[in-house]
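In: can you look at this prediction? I've put the sequence above it.
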Amino acid sequence: MAATRIIGVEYLKNNSPIIKNVEEDVLITSIQKAQNVNMDSVLGTNLLNAILSKIDNDTLSGDYQTLVVDYVAPALVEWSVYYAMPFIANKMENTGMVQKSGENSTPVDLQTLKFMRDDVRNVAEFYTQKIAKYLCANDILFTEYNTEDEVDETRPNKNNYFSGIYLD
């Protein structure tokens, strides 16, 4: 199921500040990373796999569709933008990491990029926490939530803000 994505490149471009001519490869990688890292963390492996299976089989409906459309997709957009930002203008080539610059454009400095990524991360964490709250309030609707079968599966994380210090 690794190739199945909850959102596509076109959806990402239509729901974010990413312009239409950004290379799809960078965005596909970013979507997949956001799904594998952040959505697996908040949904848990079993619920994420159930959603991907429903997408594969074209059976996403009802409560699962509400979860995906209203909660998961907005978070995935923000996390995908977060992961894509450093690689839209910077590329890894044979000579090492290079920065691309077109006509009439100037790359942003590192401080500006960090500021922009922090802002996107804050919004992504907000949407991710909305997923966690929705699932906690509606866990009876999703039998795969809070279950784990194997050692390598991820249990859902219910606190999705990162402040550098975590106190329980």
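Out: Structure received. All values derive from a computational prediction rather than experimental measurement.
In: and the longest helix for this structure?
Out: Counting residues, the longest helix found in the chain (DSSP state H) is helix 110-137.
In: distance from it to the middle of the chain?
Out: 10 Å (CA atoms, centre = their mean, to the nearest Å).
In: same check on stretch 30-39?
Out: That offset, for stretch 30-39, works out to 4 Å (CA atoms, centre = their mean).
In: what about it, start to end distance?
Out: Length of stretch 30-39, first residue to last, CA to CA, to the nearest Å: 13 Å.
In: contacts for it?
Out: If you take CB atoms under 8 Å, 6 or more residues apart in numbering as the criterion, stretch 30-39 is touched by 2, 5-9, 12, 48, 72, 75-76, 79-84, 87, 124, 128. For glycine as for every other residue, the C-beta is placed from the backbone atoms N, C-alpha and C.
In: rewinding a little: which elements pack onto the longest helix of the chain?
Out: Helices and strands touching helix 110-137, by 3 or more CB pairs under 8 Å, 6 or more residues apart in numbering; DSSP states H and E, are helix 40-43, helix 73-89.
In: let me know the average pLDDT across that helix.
Out: Taken as a whole, helix 110-137 has a mean pLDDT of 93.
In: now the angle from that helix to helix 73-89?
Out: Here helix 110-137 points in a direction 160 degrees away from that of helix 73-89 (axes from the mean of the first three to the mean of the last three CA atoms, to 10 degrees).
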